[in-house]
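**Student:** Here is a sequence with its predicted model. Questions after.
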Amino acid sequence: MSAQPLYSESQLSRAAASSSLRLAAAIAGAFGAVPCRGKDSEDWTSTSVLRRARAVAACAECPALIECAEYAALANEGWHVWGGVDQTPIARKKRNAN
Ligand code: SF4
C-alpha cells in the first residue's frame, strides 16, 4: 500500500506537506492499529468534550503518535484531536489559560 498525502501541497506549507507524507506512511505501516481509524473514530471529531477526551487517551496507544503530533503542529490543525491533543479552539483556550 503506498502512502498518500492527507492534503495537497497547495494547502499546506512545504514542511507540513512533508510531515503529512510521514504521517500517512506511519498510518499505513501500522496495519490497522491506529485508534482513530477504529470503531470509535467519531470520538476524534466529536463536539462532546468527553468523547474527545477519550480520543486523546486512545492516541497514547497509537504507533503513529509522534508523526501525527508533528504534522498537527506544522499544519497548525485547529480542530479535532491530533497526536494526543485536543486541537479544538475551546480546548486550546483552556490550555493557554493555565
Ligand atoms: S495519534 Fe493521530 S493517527 Fe494516532 S490515533 Fe491519534 S489522531 Fe489518530
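**Tutor:** That came in fine, so what should we check first?
**Student:** Work out for me the element residue 95 sits within.
**Tutor:** Assigned by DSSP states H and E, residue 95 belongs to helix 89-97.
**Student:** Mind listing residues that contact that helix?
**Tutor:** By C-beta atoms under 8 Å, 6 or more residues apart in numbering, the list of residues contacting helix 89-97 from outside reads 49, 52, 78, 79. All C-beta atoms are positioned from the backbone trio N, CA, C, and that covers glycine.
**Student:** State which helix of the chain is the longest.
**Tutor:** Ranked by residue count, the top helix of the chain under DSSP state H comes out as helix 14-29.
**Student:** Check which helices and strands that helix sits against.
**Tutor:** Counting contacts by 3 or more C-beta pairs under 8 Å, 6 or more residues apart in numbering; DSSP states H and E, helix 14-29 packs against helix 65-75.
**Student:** Is the following helix or strand past the helix it packs on positioned near the ligand?
**Tutor:** Per DSSP H and E, the first helix or strand lying C-terminal to helix 65-75 is strand 81-82. Yes. Judged by C-beta under 6 Å from any ligand atom, strand 81-82 comes into contact with the ligand at 81, 82.
**Student:** Return the list of strands paired to strand 81-82, each annotated with direction.
**Tutor:** strand 85-86 (antiparallel) (DSSP bridges).
**Student:** Now look at the strand it pairs with and say if it contacts the ligand.
**Tutor:** No. Counting by C-beta under 6 Å from any ligand atom, the ligand has no neighbours in strand 85-86; the shortest distance is 8.8 Å.
**Student:** Can you list the neighbours in contact with that strand?
**Tutor:** 52, 53, 55, 56, 59, 69, 72.
**Student:** Also near the ligand: which of the residues you listed, exactly?
**Tutor:** Restricting the contacts of strand 85-86 to those near the ligand by C-beta under 6 Å from any ligand atom leaves residue 59.
**Student:** Flag the shaky bits of this protein, pLDDT-wise.
**Tutor:** Where the chain drops to pLDDT under 70, the residues are 1-3, 5-12.
**Student:** For it, which residues are neighbours of the ligand?
**Tutor:** Counting by C-beta under 6 Å from any ligand atom, the positions of the chain adjacent to the ligand are 27, 34-36, 44, 59, 62, 64-65, 68, 81-84.
**Student:** All good on my end, thank you.
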